[in-house]
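*Asks:* Need a 3D model of the sequence below.
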Amino acid sequence: MILPRLAPWKTLRGRMLAAAMAVETVMLTLLVTNSVRLLYGSLTEQAQLHANQVTPVLNAALVAPLAQRDYATLQAVLDESRSVGGVEYLAVKDSTGRLVAISGWSRDRALPPPEQALTLEPKAGTARYDVSAPVALAGQKLGSVQFGLDLQHIVAARKDLLTQGIAIALSEILLSAGLLALLGMWLTRHLSALTRASERVAAGDYAPAALPEGNDDIGRLGAAFNTMSRAIGERVDQLTIALDEQESLARDVEQERARLSALLSAMDFGVLFVGRDGRIAYANPAFAVLFAIGGTPVGTVLGEALNNAGNGPSDTSAADLSAIDADERREMTLTDGRIVSWHNVPVRNGTGSTIGKLWLCIDVTEPRLAAQQLIQAKDRAEAASRSKTEFLATVSHELRTPMNGVLGNLTLLGDSNLGPDDKRLADVARRSAESLLRLLDDILDLSKLEARRIELEEADCAPAQLVESVLDVLRPRANEKGLVLNARMMPSVPDVIVTDPARLRQILFNLIGNAVKFTEDGYVSVRARRGEDREDGRFLVEFEVEDSGIGIAPESVPSLFDRFTQADSSITRRYGGTGLGLAICRDLCIMMGGAITVETAPGRGSVFRFSIVARVGDPSALRLVEASVTEAARVAALPPLRVLAVDDIDVNRDIVRGILERSGHSVALAANGIDAVRMAREQDFDMILMDIQMPGMDGLTATRRIRDLTDARGRVPIIALTAHASGSSRPECLSAGMNGFVTKPLRPAALFAEMTTVLGVAASAPVENDPAMPSAAPPPPAATDPSGDDDLLDHEQIGILMEVLEAEDWDNSLSGFAENGRTTIDALVSQARAGEAHNRSAHTLKGMALNLGAAAVGNLAKELEHAPSATVLDNADRLTDLFERSLVAMKAVARSPA
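*Replies:* From the prediction side, this is the model:
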């Protein structure tokens, strides 16, 4: 009993008192310390503010005398400022740092260094704040002022506050100790009862006897304990119910897990779940069967399970599959050859973190084999299509060979002395043969149609004349049936349009020919009108071909424009035909920017409507083109002329010379624009044929120089020779002073017709036995390329050249073409490789090749003329190959019999 009394800190009251006193002591210490700190901070802030206020005042008072170096006034200002109080000393230095005035400090003593921050550290037994500030006028520093603020009153105030705070804190501790001792004794009066009740609750009695309650703190503590005990009882009841529910939920989860396991086990594709540690957490039986894994792979590392599988991946690494974390689909081949589609799906929890990967493995061997079989069937079908195309190409070649003979003989017949009616019939037959040859080229050569190798050309044509020429060819057959053929052009249709006349003629031949073929009596009418205008200045030309024939059944119309399709199989037996005509018309209409439709009914005839895109043409560009040089010369009825032919290519000059000299004209040659101007100035010529693009001085510049001549030689007629077939260069040539325009490759009839127009010579009927006109054998039929590649050469142009050139001249032309062509190709490739402009070299090669009949080389050079350098380099080998093959073919044509 004595020990507790002697050691009260071991009792609850003693410990509470000690704790309370410790807390009180700490809090009072913090309070006093914080009060001293706050007072010190307030006083130092005031001192700092005082220093900041004094600095501008001193700057204003000192700037004038310091600027004027009035040191007496400076000293007076310092003395006056120091007498105000609070300033221990003042000193002023000029801009060089020399001390010029001081007050309150001995000049013999060094000034203390200025402080960056205010501190109460004692300095020589006193507390002072040393401040230095610049003295400036209009931004220019005149010097500096340094002063010391007396901080002794701050030190004294801090000391007084600390003494008073300690005294108050000690008094507070003593009073608190007595009060807390009494309070502790009162608070612990019911702790024994609370202890016993707590021990009963700990023993499992969650309904102990109630503690006394009251309005004081202890009474409320008893009430709180009673409430807590009741709450604990209620919570125990709730936990018991929750435990029962959890057991029921666990049974439900187990049932769902069993259902899911049964579902996954019943699936015929593999399902695999891999945990974040890389080990297999689940694998259904289909997965084990697919990969031939014995036993259960659960718990095994994925890579090991696949490496040890009896039917593992043969083209995919197990390590690669394990390393993939993204959603990915791929296919892999197993050891037994089966193809498996594999889908990797990341599995994430509610927070988005990856907890594993799910695999879905599906055997897709049969679908893939089926796809391969489809591909093989497609390849076989394409091979069959190629065989069909090759067969048709062979048939086309074999048909073109006799057709060339027909054309040649018809040309010879037209050049003979026939009467007007016979000559007209021979002309119609020749044009029919030409149309048939063109149709054979496009209809039978399906390799062109299927590969879309047909290229449209643009030329001026008269639609009324074109339609009439088609009707002339078909009129004899129509007359045999008693059919009426007529055509009507609406006034809105221009007299001349720019389109591809050959393709337009081909469409009309097909449609009108079908109308005549399927009409036994009645009529066939052709109408044309102008359709809607386009934004680019072009417009639609709409044609209608109406007949009173057998008509077409409605169910046959949807497939009418398909290849190898007839409206009725009996039609083929009765009327003949391949079923290609309307398909070709549809393709050509689409290529020419239009469309084709049909309106028909059985027994009521048909109306085929088609449209093409065209633009208004130039009537002066229409020229009659014939095959024979001598015939063209006779039609032109030109007197013997002295002509200057200007071209930078030897082969082109030889061709022009041969055409003109064969027709009785004398020819002088010039290789460039400079020589042409010189010769035109020194000699008299009846006409000049001027190439446009030439090195040094082009044809346009040379024409302007000739037009600058003051005498009659400056008015000599000049005709442009250019490989620009579109007519876009015609205005440029005419504005340069030229009188005519002829495109390459040169056709004698077109050249003579332009010469006739330029000279104003009226065309007359051919005069028999004209002594001024040399006799010439009729031209041979166009030779067939022995190489079998008809696209290489322009046989019509070669036939013309072989007519006008002797064998030796033709051989020389080929030699010159071989030498100049190879040099030009090398230059073209070198320029493209160096990134330089190559269009001039391509243009030169184009004109030279087309003029000599090397159509493939000329057309490719035309494509490369304005193509980028990369395209030229990509086609360099192709261009060289075409050139060499063309040379071989041209030499073979020369050796073949006429």
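*Asks:* what about residue 541, which helix or strand?
*Replies:* According to DSSP states H and E, residue 541 maps onto strand 539-547.
*Asks:* dump the residue contacts of residue 43.
*Replies:* Residues counted as contacts of residue 43 (CB atoms under 8 Å, 6 or more residues apart in numbering) are 153-154, 157-158. To be clear about C-beta, it is placed using only N, CA and C from the backbone, and glycine gets the same treatment.
*Asks:* nearest to residue 468, of those?
*Replies:* When the contacts of residue 43 are ranked by distance to residue 468 (CB to CB), residue 154 comes first, at 123.2 Å.
*Asks:* and after the host helix or strand of that closest one, which helix or strand comes next?
*Replies:* Secondary structure from DSSP H and E places residue 154 in helix 152-187. Sequence order places helix 191-202 as the next helix or strand after helix 152-187, per DSSP H and E.
*Asks:* What is whatever helix or strand comes next after that following helix packed up against?
*Replies:* The helix or strand immediately downstream of helix 191-202 is helix 217-266, counting by DSSP H and E. On a contact count with 3 or more CB pairs under 8 Å, 6 or more residues apart in numbering; DSSP states H and E, helix 217-266 meets helix 152-187, helix 191-202.
*Asks:* now helix 217-266, how far from the chain's geometric center?
*Replies:* Relative to its chain's centre, helix 217-266 lies at 64 Å (CA atoms, centre = their mean, to the nearest Å).
*Asks:* repeat for stretch 277-295
*Replies:* 46 Å.
*Asks:* Identify each buried residue in it, please.
*Replies:* 279-284, 286-288, 290-291, 293 (16 or more other CB atoms under 10 Å).
*Asks:* can you list the residues you listed in CSV and add distance to residue 171 and pLDDT?
*Replies:* Shown next, in CSV, are the buried residues of stretch 277-295 (distance: CB to CB, whole Å; pLDDT from 0 to 100):
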residue, distance to residue 171, pLDDT
279, 73, 86
280, 78, 85
281, 73, 81
282, 77, 83
283, 82, 85
284, 84, 84
286, 89, 84
287, 85, 83
288, 87, 81
290, 91, 80
291, 89, 83
293, 87, 83
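*Asks:* Could I get the phi/psi values of residue 35?
*Replies:* Dihedral pair for residue 35: phi -60, psi -40, per degrees, to the nearest 10.
*Asks:* roughly how far apart are the closest residue to it other than its chain neighbours and residue 514?
*Replies:* Closest residue to residue 35 apart from its sequence neighbours, by CB to CB, 6 or more residues apart in numbering: residue 165 at 6.0 Å. Going from residue 165 to residue 514 by CB to CB, to the nearest Å gives 123 Å.
*Asks:* same deal with residue 834?
*Replies:* In terms of CB to CB, residue 834 sits 56 Å off from residue 514.
*Asks:* Which of the two has more residues huddled nearby?
*Replies:* residue 514 (21 against 9; other CB atoms under 10 Å).
*Asks:* any low-confidence regions in the stretch 501-650 of the chain?
*Replies:* 562-580, 621-637 (pLDDT under 70).
*Asks:* Quick check: end-to-end length of stretch 516-534?
*Replies:* For stretch 516-534, the separation between the terminal residues is 34 Å (CA to CA, to the nearest Å).
*Asks:* Any buried residues in it, and which?
*Replies:* Here stretch 516-534 shows 516-519, 523-531 as buried, counting by 16+ other CB under 10 Å.
*Asks:* How about stretch 467-480?
*Replies:* Here stretch 467-480 shows 467, 469-471, 473-474, 478 as buried, counting by 16+ other CB under 10 Å.
*Asks:* residue boundaries of the helices in the stretch 551-700 of the chain?
*Replies:* Assigned by DSSP state H, counting those that start in this stretch, the helices in the stretch 551-700 of the chain fall at 569-575, 581-591, 629-636, 650-662, 673-682, 699-707.
*Asks:* from the chain's centre, how far out does the fifth one sit?
*Replies:* To tie it back to what came earlier, the one meant is helix 673-682. For helix 673-682, the distance to the chain centre is 52 Å (CA atoms, centre = their mean).
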